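> Need coordinates for the below:
(2 chains)
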Amino acid sequence: MSDTGALLADMTERLLAEHFDDNVMRAARTGIWPQAGWDAAVEQGLPLALVQGEQGFDIPLGEGLALIRTLGRHAVPLPLAETMIANAMIAQAGLTVPEGPVTLVPECSGIVLRQDGASGEANRVAWGRDARALLIESDGNIALMTAGFDVAEQGTNLAHMPRDLVTVDGPTEVAPLPGISLLEAGALVRALAMAGALETLVELTIAHVTERVQFGRPLSAFQAIQHALARLAGEAAAASAAADLAADAFAHASPQTPIAIAAARTRISEAAGGAIGIAHQLHGAIGFTEEHRLHWFTTALWSWRDEFGSAVWWTRRLGVESLRHSKQGFWPFVTSVS
Amino acid sequence: MLRFPSPPRHNAAEQLRGEVREFLSSAIATRTPLQRAESWNGFDRDFSKALGARGWLGMTWPKQYGGHERSAFERYVVVEETLAAGAPVSAHWIAERQSGPTLLKFGTEQQREEILPRIAAGDCVFCIGMSEPDSGSDLAATRTRAERVESGWRVTGTKLWTTNAHKADYMILFCRTSGTPADRHKGTSQLLIDMRGTEGMTVRPVLDLAGQHHFNEVHFNDAFVPETALIGTEGAGWNQVMSELAFERSGPERFLSSIQLLLELIEALRGSDSELAQITIGRLTAHLLTLRQLSRGVAALLEAREDASTHAAIVKDLGATFEQDLPEIARSLIDAEPDRQSTRDLLAVLAYTMMSAPSFSLRGGTREILRGIIARGLGVR
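Next up, the predicted model:
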């Protein structure tokens, strides 16, 4: 890891631990924007961590992506992942990186790009009410919009994070779409965040079964518990590897990046379902209460796995791609992805 | 939390992949899909020698023992490509995968010089003398006993599920050289058994569910084994055998056993507009891609000479589940009866794979044993 990357990783972990304590997390679920956490993240330069070239600080892309996993480890209730990936694409497209939170509006949102601007509406826009800029994709172009949009209706996902109906009518700066689509970019950052959240899920569960005593022994002394934990660790490891697969492909600008993202979303979604079931079983009733930390990670995972394309949408996309191949062609296709 | 490293982008390995594919496309061109499905059990000494001649066995070993001092990633590519193509690997791969590395790590100089070059040449078949009638995955309960006698040992006991014992040149025997089974792992050792010239040893076939002869029961009745047969240190057999098992559990063979069935299924469903088919194949492809990523992460750990035993157990557990689920998933998509005699490749391969699948979570350590190892790796046991 580069020096800057290592420093940033270490500082980010500490920043998140400090700024996203239980009180901030609970407040965020009632709609209170964690301003101090956002300011600290900006001061540290997180929004620019994935930006390559002169507008960023040129840490290797893989190390920048690892920071998104760290955000997931803390289920951070801020549009940081969106801003990071949006800024990376804005800079890559040759546009100027804006100030403040940016959110992604993928293709097929119902927004039409014109020569001089954009109009229409988009549903379930992540952090629409907090965004200072929108990055919109349409017809092979991206458009950056810093004014002329409004929230028509507020909504949230299962983790109480804003997902709003946004109306758009205003001027934009347009450039050809660089690299992958906004849907794929959004899916990638969700995959990474989910891998991070699953790490925390495993850690919370191990801590619980080690501390909790039942029938005179710690839960972890029971073979049935050990085997369930092993399955949990296996699912988390699979999710982590699947996220790496997608991140590695993206960082190396592999032409198979969309396939790697589809595989990651498919495998992580399944891992999340299995892991959440086991984690709750092992936590017992305490994990089912609203105030327990486990709750935040459970609801974040449930939400993220269907954002920027539902799990089944990604799985089907991968299946269609796989079924294009003959039995001789399928294995070379598999090895071309990583 | 266990993290698997990402494999590096390895140009030499990817270049090798093309060479291996080209070789395989002619070397096994005539093998039918059913024969390809039997890859693990396909026994063909000529094929193994051809691989050896290419320098594709013992790839990571020192040159002085016939190795080629190449990376774990290059070896990974050869193993993966031969299995994905359904090549007959059974005549070399126990030797190459685990017996050779065990001798390299613990064997005497004489054992290494005599045997390793032959394994690297694809001309030496090994079998594994671990399981017993009363101790399968519970290796510490081993009862086969080697008593010290003048210039060697007298071995008495029975090994079971010994794949290829009837064809093997050597066995690495795990046995008790002191104490009793109650001592568990203390007092155990490994001996190199010459399968051709050991008197007092008999090999009896045990047929499997598919009616095939791969397993054997091997009886030792006061069989004499010379002093030079000891591998490593007397009494240190447990740690040695655990190291061997890490090799046995770490490779891509742990999720590629059913690959021919997946290929036939894809061929049959190709271009299908069935959403069920698309979603099912998408899910299987995602699992396969992820398992490769995990397994290549293990190769990265091996390359860095780090302990990979817990990681290997995770790959084997997830891999066995994947390859074991495949016949059931295929059945949910194919409206026809599995039939080994069928002229439809898919049905013949489905029948064979179904009949083999129960072994996938048994061989190399049962699922329950693996989960115990993973739990220990997580620090809760």
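> quick one, helices of the stretch 1-150 of chain A?
A:3-19, A:22-29, A:35-44, A:61-73, A:80-92 (DSSP state H, counting those that start in this stretch).
> sorry, that was for the stretch 151-300 of chain A
Taking DSSP H, counting those that start in this stretch as the criterion, the stretch 151-300 of chain A contains helices spanning A:182-211, A:223-251, A:257-283, A:293-304.
> Out of those helices, which is closest to residue A:329?
With C-beta to C-beta as the criterion, residue A:329 lies closest to helix A:257-283 of the helices of the stretch 151-300 of chain A, at 13.8 Å. (C-beta placed from N, C-alpha, C; glycine too.)
> any idea of the angle the closest one forms with helix A:223-251?
Inter-element angle recorded for helix A:257-283 and helix A:223-251: 160 degrees (by axes from the mean of the first three to the mean of the last three C-alpha atoms, to 10 degrees).
> Check whether helix A:257-283 comes near chain B.
Yes - counting by C-beta under 8 Å from any C-beta of the partner chain, contacts between helix A:257-283 and chain B involve A:260, A:262, A:263, A:264, A:266, A:267, A:270.
> who does that helix touch, helix- and strand-wise?
If you count contacts as 3 or more C-beta pairs under 8 Å, 6 or more residues apart in numbering or on different chains; DSSP states H and E, helix A:257-283 packs onto helix A:182-211, helix A:223-251, helix A:293-304, helix A:311-322, helix B:275-303.
> While we're on residue B:41, how confident is the model there?
pLDDT for residue B:41: 89.
> Taking chain A, what residue is nearest to chain B?
Residue nearest to chain B within chain A (C-beta to the nearest C-beta): residue A:319, separated by 3.0 Å.
> isn't that residue right next to residue B:274, touching?
No - applying C-beta atoms under 8 Å, one finds residue A:319 not in contact with residue B:274, separated by 9.7 Å.
> Let me have the residues of helix A:257-283 next to chain B in TSV, extended by pLDDT and neighbour count.
Formatted as TSV, the residues of helix A:257-283 next to chain B follow (pLDDT from 0 to 100; neighbours: other C-beta atoms under 10 Å in any protein chain shown):
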residue	pLDDT	neighbour count
A:260	98	28
A:262	98	31
A:263	98	34
A:264	98	32
A:266	98	31
A:267	98	32
A:270	98	21
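> Enumerate the residues of the stretch 51-200 of chain B near chain A.
Counting by C-beta under 8 Å from any C-beta, the stretch 51-200 of chain B sits next to chain A at B:80, B:84, B:85.
> Please read off the pLDDT at the last one from the model.
Per-residue confidence (pLDDT) for residue B:85: 97.
> Next: residue A:54.
88.
> burial of it, as a residue count?
Using other C-beta atoms under 10 Å in any protein chain shown, residue A:54 is surrounded by 8 other residues.
> for the one 4 residues further on, same thing?
Using other C-beta under 10 Å as the criterion, residue A:58 is surrounded by 15 other residues.
> Verify the stated contact: it with residue A:52.
Yes - counting by C-beta under 8 Å, residue A:58 does reach residue A:52; the two are 6.3 Å apart.
> Identify the spatial nearest neighbour of residue A:306, chain neighbours not counted.
residue A:269 (7.9 Å; C-beta to C-beta, 6 or more residues apart in numbering or on different chains).
> Does the one you found touch residue A:313 like I think?
No - under the contact definition of C-beta under 8 Å, residue A:269 does not touch residue A:313, with a separation of 10.4 Å.
> So which of those two has more stuff around it?
Neighbour totals were compared for residue A:269 and residue A:313, and residue A:269 leads with 27 against 18 (other C-beta under 10 Å).
> what's near enough to touch the residue in the stretch 251-381 of chain B that chain A sits nearest to?
The minimum distance from the stretch 251-381 of chain B to chain A, using C-beta to the nearest C-beta, falls at residue B:282 (3.0 Å). Applying C-beta atoms under 8 Å, 6 or more residues apart in numbering or on different chains to residue B:282 gives the contacts A:262, A:266, A:314, A:315, A:316, A:317, A:318, A:319, A:320, A:322.
> ok, now with 10 Å
A:262-263, A:266, A:312-323 (C-beta atoms under 10 Å, 6 or more residues apart in numbering or on different chains).
> which ones are touching the nearest residue to residue A:41 once chain neighbours are set aside?
Spatial nearest neighbour of residue A:41, chain neighbours left out: residue A:80 (5.8 Å); criterion: C-beta to C-beta, 6+ apart. Going by C-beta under 10 Å, 6+ apart, residue A:80 touches A:12, A:16, A:37-38, A:41-42, A:46-47, A:49, A:67-68, A:71, A:101, A:127, A:189, A:193.
> mind listing what's buried in stretch A:190-210?
Neighbour counts using 16 or more other C-beta atoms under 10 Å in any protein chain shown place A:190-202, A:204-206, A:208-209 of stretch A:190-210 among the buried residues.
> repeat for stretch B:85-105
Neighbour-count burial for stretch B:85-105 flags B:85-104 (criterion: 16+ other C-beta under 10 Å).
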